[in-house]
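Colleague: Sharing a sequence plus its predicted fold:
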Amino acid sequence: MALNKETVLEALKKAVGDSGQDPVSRNLVHALAVEAGVVRFVLEGAPAAELQAMRPALERAVRALGAEQVTIVVPAASGSEPPKFGKHPTPQAGPTRVEGVRHVIAVGSGKGGVGKSTVSANLAVALSRLGKKVGLLDADIYGPSQPRMMGINRRPASPDGQTIIPLESHGVTLMSVGFMLREDEAVIWRGPMLMGAMQQMLNQVDWDIHGPLDVLIIDLPPGTGDVQLSLCQKTELDGAIIVSTPQDVALLDARKAIDMFRRLKTPVLGLIENMSTYICPNCGHEAHLFGHGGVEAEAKALDLPFLGALPLDLDVRLAGDAGTPIAAGEGPAAGAYAKLAQDLIARGLV
Ligand SMILES: Nc1ncnc2c1ncn2[C@@H]1O[C@H](COP(=O)(O)OP(=O)(O)OP(=O)(O)O)[C@@H](O)[C@H]1O
């Protein structure tokens, strides 16, 4: 059966049995996105325990349609009174600096699922291991994955109801839009509220709670939407790093993202090729599942730095799913991230 929004919604309707109770009719399914075998949506509007209970059946139903990756975001349950989050943006003349942060680097991609969040998390951890003070802001509103990848998901405290105290994981100061979502806050998915939420995450979070950060890495949503626009216009960025796989279809979208950053006068610091080579763990044979070298060639053509190639490695996914980025350990993938981090430092970007 085809994989598209209609077939996904049909499958979700039938996934939990009783048609009167199906999550689509109950309006629990929000921000559904279906793209190249990847299905994402937010499940909210009922008690978190109930949503968590129905999640496996929904995932199974979508996978049965042939989806390769299914991301179902159930907003974190609220603890004590949370900081007020998601408001209209306050007017601001031009781009402002993020206080307590020396460098701000956005990590973007044209296409979804190319590993932008994986690269952001691992780069943050690798830089931290090299002694840098690192912050990571997960601004991927359509599928915040840092709570899972960094192995932490709870609502940050706000002693005064204004300042948001970021969390800490694997030596990285962390804030995710995923920490802040509650059942009644779907409004932040829309234009002006979204800009307000971005402003809050940059300006209300106490980023330098443990001293000034050397770098804040921002994990953007894929594509060229409101978040990117708002960020580039309102925040002084050092630049953006673009992650792509070597496939033509991913490169095509990467080009669009680069074009957007250039038009917004945000320097593109370089390109990273993810899922570059695959070494068979059994026989050592090297294969190029998504092609090879395409991103380096693209960087050359666009006269941009090529920052490195990262292997396709099952352990990278397993580590991300388990909440400890591979860069926190040892081995070839961790080494590749350490090299990337060293290179950014050598270029004076961090
Ligand atoms: N080099 C790699 N080797 C193996 N698996 C990888 C690699 N990079 C990413 N992955 C896996 O691919 C999937 C997608 O990665 P990730 O979520 O980082 O992509 P993304 O570009 O941030 O996606 P999104 O569009 O959802 O924001 C994840 O399951 C991740 O663990």
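Modeller: Nice, I can see it.

Colleague: And the residue of the stretch 151-300 of the chain that's closest to the ligand?
Modeller: residue 222 (4.1 Å; C-beta to the nearest ligand atom). Where C-beta positions appear, they are placed from N, C-alpha and C, glycine not excepted.

Colleague: Measure how buried that residue is and give me the count.
Modeller: Neighbourhood size, residue 222 [other C-beta atoms under 10 Å]: 24.

Colleague: where does it land in three-state SS?
Modeller: Three-state call for residue 222 (DSSP: H, G, I helix; E, B strand; the rest coil): coil.

Colleague: Thought residue 111 was touching it, still the case?
Modeller: Yes - in this structure, residue 222 is within contact of residue 111 by C-beta atoms under 8 Å, at 6.1 Å.

Colleague: Okay, and residue 344 sits in which element?
Modeller: helix 332-346 (DSSP states H and E).

Colleague: tell me which strands and helices that helix is in contact with?
Modeller: Packing partners of helix 332-346 (3 or more C-beta pairs under 8 Å, 6 or more residues apart in numbering; DSSP states H and E): helix 116-129, strand 306-309.

Colleague: which residues are common contacts for residue 222 and residue 111?
Modeller: Here residue 222 and residue 111 share the contacting residues residue 253, scored by C-beta atoms under 8 Å, 6 or more residues apart in numbering.

Colleague: Find the nearest non-adjacent residue to the residue of the stretch 151-300 of the chain closest to the ligand, please.
Modeller: Take residue 222 and drop its neighbours on the chain: the residue closest to it by C-beta to C-beta, 6 or more residues apart in numbering is residue 112, 3.9 Å away.

Colleague: Against residue 195, how distant is the one you found?
Modeller: Here residue 112 is placed at a distance of 21 Å from residue 195 (C-beta to C-beta, to the nearest Å).

Colleague: what bits of the protein have low per-residue confidence?
Modeller: Scanning the chain for pLDDT under 70 picks out 18-20, 75-93, 182-192, 290-291.

Colleague: for the ligand, what are the nearby residues on it?
Modeller: Within reach of the ligand by C-beta under 6 Å from any ligand atom, the chain has these residues: 109, 112-118, 140, 143, 145, 222, 274-275, 310, 312-313, 316-317, 320.

Colleague: Okay, and which of these map to helices?
Modeller: Counting by DSSP state H, these place 116-118, 316-317, 320 in helices.

Colleague: Buried only: go through the residues you listed for me.
Modeller: 116-118, 316, 320 (16 or more other C-beta atoms under 10 Å).

Colleague: Same list, those, but as a markdown table with distance to residue 16 please.
Modeller: Below are these laid out as a markdown table (distance: C-beta to C-beta, whole Å):
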| residue | distance to residue 16 |
| --- | --- |
| 116 | 32 |
| 117 | 28 |
| 118 | 31 |
| 316 | 33 |
| 320 | 28 |
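
Colleague: In those, find the pair that's most separated.
Modeller: Greatest spatial distance among those (C-beta to C-beta): 116 and 316, at 13.2 Å.

Colleague: List of residues touching the one helix or strand residue 261 maps to?
Modeller: Residue 261 is located in helix 248-263, with elements delineated by DSSP H and E. Applying C-beta under 8 Å, 6+ apart, the external contacts of helix 248-263 come out as 36, 108-111, 114, 222-224, 228, 232, 239-240, 242, 244, 267-268, 271, 290-291, 294-295, 298, 302, 304.

Colleague: Would you mind writing the CA trace of that helix as PDB?
Modeller: In PDB, the C-alpha atoms belonging to helix 248-263 read as follows (Å, rounded to 0.1, in the frame of the first residue of the first chain):
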ATOM      1  CA  ASP A 248      21.400  13.100  -5.400                       C
ATOM      2  CA  VAL A 249      18.000  13.600  -3.800                       C
ATOM      3  CA  ALA A 250      19.500  14.700  -0.500                       C
ATOM      4  CA  LEU A 251      22.100  16.900  -2.200                       C
ATOM      5  CA  LEU A 252      19.400  18.600  -4.200                       C
ATOM      6  CA  ASP A 253      17.600  19.600  -1.000                       C
ATOM      7  CA  ALA A 254      21.000  20.500   0.700                       C
ATOM      8  CA  ARG A 255      21.600  23.000  -2.100                       C
ATOM      9  CA  LYS A 256      18.200  24.600  -1.300                       C
ATOM     10  CA  ALA A 257      19.100  24.900   2.400                       C
ATOM     11  CA  ILE A 258      22.500  26.400   1.500                       C
ATOM     12  CA  ASP A 259      20.800  28.900  -0.800                       C
ATOM     13  CA  MET A 260      18.400  29.900   2.000                       C
ATOM     14  CA  PHE A 261      21.300  30.500   4.400                       C
ATOM     15  CA  ARG A 262      23.200  32.500   1.900                       C
ATOM     16  CA  ARG A 263      20.200  34.700   1.100                       C
END
